[in-house]
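Student: Structural data only, the sequence is not supplied:
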């Protein structure tokens, strides 16, 4: 691997831009190439076999273009496809977002009660539950499929009455009994960070919110250092985006997640 | 074409079961084969070119299995793919849901003010607007992309506080001024009929709701009669379902739309 190559970031579509944002803040000299499989999103309601197949196609495309490491920014794909990706690309460092998120949650809890908010696929796969219990065997982990949060974030309805009512509906059962209420909430889907404040308000109790983007950025920095793959500190950084469906919608909705504007001309449409 | 063959019904996934329900009620002796492209849903946020490509693959699969006619139950696919489907299968009768829905809306309005609630793709394509204006040139048609309704219907949240707040947010601007408020609302997405009552309540004014499923069933009955393709009145009817992703979710969520239970064993998983 060549340290001058970019880092590939793969996501089912748009939400992974919250992870890219953290990666670019943590590693400003690294060049990134982001692939969002917008023609086939969302992954969260699909079976693990289908998600694995799509992830293999996407990472093969990143490898074809040349990358020194790959971050699987999508929680659902991290849960479903990491072993298959490692088997298909044994030389390529590949990291997902679930291990860093689980480690951060295990470190943050005081009571051992952790709730994971995620997509149907991530909840069903049980990867967060397993990873947290490996680090903190006495933890009590609940996982809630909060499907509607994906649509709310994509609609840009990250505050207001609809988002607040949806957050209360998902969270109220968790906080009904103060003796079993969690003290840590894991945002186990890249679409959820823009809803962080609404989620915190719906909890109605002091709670720490863990978003795996920042811990994933730390994990990537450590990996690059360990493998001597970090870019030179004179590197200009930057990102090139690839999407499998229209660039217009990506450029319009992406800024909600990336936290800055995206020029449509900087986005390339590809087929997988 | 052989009148004993089944009728193919194609949808992006699950919502088309609201159309299938109306077809089976109207034509109880006809056998149906339903193909839901659940691995790639939703279509509503994808570009017309991508939707056209997916629809061509799906209808080719139905033709391979043998069908005497095809109903495109998905509004987005009806808007994007009908011309390409007709060109690819010149002998096959293919009908969509938009023309019947537009005809019903034009017939139902008293004031000429019609609002279409649909997905982003359907609104952007403008097919409802064009079809209504062709029938009623003096109509004033507004089209609203109500993306969140898809997720609400799939989550089964078709009543309650979240659905009501979302419906108010989409509909309030339409009904602010009684002098411009529509008297007909077209449910221009197969996911929306389960939300009909919430939508009616949010309108806060007398309004007729047009759902193209019933008028599409009438159009299909007329087509079969005209082409002498109707099944014998002794036919047992029934449906065989094909899905491109897991059968479990389809069998679990489908009943919200079909109005009756679906046995997982009656659903076949295919690849497109």
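Tutor: Okay, I see it. Bear in mind that the values here come from a model prediction, so they are computed numbers and not experimental data.
Student: rest of the way, CA atoms for contacts and neighbours
Tutor: OK.
Student: Could you pull up the residues touching residue A:215?
Tutor: Residue A:215 sits next to A:100-101, A:104 when contact means Cα atoms under 8 Å, 6 or more residues apart in numbering or on different chains.
Student: Looking at these, which is nearest residue A:250?
Tutor: Checking those against residue A:250 by Cα to Cα gives residue A:101 as the nearest, at 25.8 Å.
Student: Among the contacts of residue A:215, name the ones in helices.
Tutor: Using DSSP state H, the subset of the contacts of residue A:215 located in helices is A:100-101, A:104.
Student: what separates residue A:81 from residue A:94, distance-wise?
Tutor: Going from residue A:81 to residue A:94 by Cα to Cα, to the nearest Å gives 11 Å.
Student: cool, and residue A:122?
Tutor: Distance of residue A:122 to residue A:94, computed by Cα to Cα: 19 Å.
Student: what do you get for residue A:132?
Tutor: Residue A:132 sits 20 Å away from residue A:94, going by Cα to Cα.
Student: Residue A:104 now?
Tutor: Distance from residue A:104 to residue A:94, by Cα to Cα: 19 Å.
Student: sorry, back to before: any chance of the ones in helices among the contacts of residue A:215 in TSV, plus pLDDT?
Tutor: Shown next, in TSV, are the ones in helices among the contacts of residue A:215 (pLDDT from 0 to 100):
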residue	pLDDT
A:100	96
A:101	96
A:104	96
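Student: Name the residues of the stretch 1-150 of chain A found near chain B, please.
Tutor: When proximity is defined as Cα under 8 Å from any Cα of the partner chain, the stretch 1-150 of chain A approaches chain B at A:38-42, A:46-47, A:50, A:147-148.
Student: let's go with 10 Å and repeat that
Tutor: Neighbours of chain B within the stretch 1-150 of chain A, by Cα under 10 Å from any Cα of the partner chain: A:38-43, A:45-51, A:146-150.
Student: Could you pick out the buried ones from these?
Tutor: Buried members of the residues of the stretch 1-150 of chain A next to chain B, scored by 16 or more other Cα atoms under 10 Å in any protein chain shown, are A:38-43, A:45-48, A:50-51, A:146-150.
Student: State the pLDDT value of residue A:154.
Tutor: If you check residue A:154, the pLDDT there is 88.
Student: Next, count neighbours for it.
Tutor: Using other Cα atoms under 10 Å in any protein chain shown, residue A:154 has 19 neighbouring residues.
Student: can you confirm it is in a strand?
Tutor: No. Residue state for residue A:154 (DSSP: H, G, I helix; E, B strand; the rest coil) corresponds to helix; a strand is not indicated.
Student: Chain neighbours aside, what residue packs nearest to it?
Tutor: residue A:253 (6.7 Å; Cα to Cα, 6 or more residues apart in numbering or on different chains).
Student: Spit out the contact partners of the one you found.
Tutor: The contact partners of residue A:253, taken as Cα atoms under 10 Å, 6 or more residues apart in numbering or on different chains, are A:14-15, A:153-156, A:261-262.
Student: Enumerate the residues of the stretch 151-272 of chain A near chain B.
Tutor: Within the stretch 151-272 of chain A, the positions lying close to chain B (Cα under 10 Å from any Cα) are A:151-155, A:157, A:160-169, A:244-249, A:271.
Student: Can you flag the buried ones in the residues you listed?
Tutor: Using 16+ other Cα under 10 Å as the burial test, these include A:151-154, A:157, A:161-169, A:244-247 as buried.
Student: Just those: which are in strands?
Tutor: Applying DSSP state E to these, no entry is found in strands.
Student: all helices of chain A, in order?
Tutor: A:17-26, A:48-65, A:75-88, A:98-108, A:120-125, A:127-135, A:148-155, A:161-175, A:196-203, A:212-226, A:247-258.
Student: In CSV, list the ones you listed along with distance to residue A:238.
Tutor: As requested, the helices of chain A are exported to CSV (distance: least, Cα to Cα, whole Å):
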stretch, distance to residue A:238
helix A:17-26, 8
helix A:48-65, 16
helix A:75-88, 23
helix A:98-108, 24
helix A:120-125, 30
helix A:127-135, 31
helix A:148-155, 24
helix A:161-175, 33
helix A:196-203, 26
helix A:212-226, 15
helix A:247-258, 13
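Student: can you tell which of those is closest to residue B:65?
Tutor: helix A:48-65 (23.4 Å).
Student: Please name every helix or strand in contact with the closest one.
Tutor: If contacts are counted by 3 or more Cα pairs under 10 Å, 6 or more residues apart in numbering or on different chains; DSSP states H and E, helix A:48-65 sits against strand A:7-11, strand A:32-36, strand A:69-72, helix A:75-88, helix A:120-125.
Student: Tell me what angle the longest one forms with helix A:98-108.
Tutor: Interaxial angle of helix A:75-88 relative to helix A:98-108 (axes from the mean of the first three to the mean of the last three Cα atoms, to 10 degrees): 120 degrees.
Student: about what we covered before: list residues touching both of residue A:81 and residue A:94?
Tutor: The contact sets of residue A:81 and residue A:94 overlap at residue A:72 (Cα under 10 Å, 6+ apart).
Student: roughly how far out does stretch A:222-234 sit from the chain middle?
Tutor: Relative to the chain's own centre, stretch A:222-234 is displaced by 22 Å; criterion: Cα atoms, centre = their mean, to the nearest Å.
Student: Go through it and flag the buried ones.
Tutor: Using 16+ other Cα under 10 Å as the test for burial, stretch A:222-234 gives A:223-224, A:229-231.
Student: go on, stretch A:100-110?
Tutor: Judged by neighbour count using 16+ other Cα under 10 Å, the buried positions of stretch A:100-110 are A:100-106, A:108-109.
Student: Please look at residue A:28 and residue A:217 and confirm they touch.
Tutor: No. With contacts counted by Cα atoms under 10 Å, residue A:28 stays clear of residue A:217, the gap being 11.1 Å.
Student: Specify the beta-bridge partners of the nearest residue to residue A:144 once chain neighbours are set aside.
Tutor: Spatially, and ignoring its direct neighbours in sequence, residue A:144 is nearest to residue A:117 (5.0 Å; Cα to Cα, 6+ apart). Here residue A:117 shows beta-bridge partners residue A:144, residue A:187, assigned using DSSP bridges.
Student: I'd say residue A:117 and residue A:174 touch.
Tutor: No. Using Cα under 10 Å, residue A:117 is not in contact with residue A:174; the gap is 11.0 Å.
Student: and these two? which has more neighbours close in?
Tutor: residue A:117 (25 against 18).
Student: can I assume residue A:52 is in contact with residue A:77?
Tutor: Yes. With contact defined as Cα under 10 Å, residue A:52 reaches residue A:77; the gap is 6.8 Å.
Student: Tell me how many other residues crowd the residue lying closest to residue A:175 once chain neighbours are set aside.
Tutor: In this structure, residue A:175 finds its nearest non-sequential neighbour in residue A:181, 4.8 Å apart by Cα to Cα, 6+ apart. For residue A:181, the number of neighbouring residues by other Cα under 10 Å comes to 20.
Student: Now do the contacts for residue A:181.
Tutor: So residue A:181 contacts A:111, A:113-115, A:142, A:172-175, A:203, A:205, A:207 (Cα under 10 Å, 6+ apart).
Student: Now pLDDT too, for these, in a markdown table please.
Tutor: Listed next are those as a markdown table, based on pLDDT from 0 to 100:
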| residue | pLDDT |
| --- | --- |
| A:111 | 98 |
| A:113 | 98 |
| A:114 | 98 |
| A:115 | 98 |
| A:142 | 97 |
| A:172 | 96 |
| A:173 | 95 |
| A:174 | 96 |
| A:175 | 96 |
| A:203 | 95 |
| A:205 | 86 |
| A:207 | 96 |
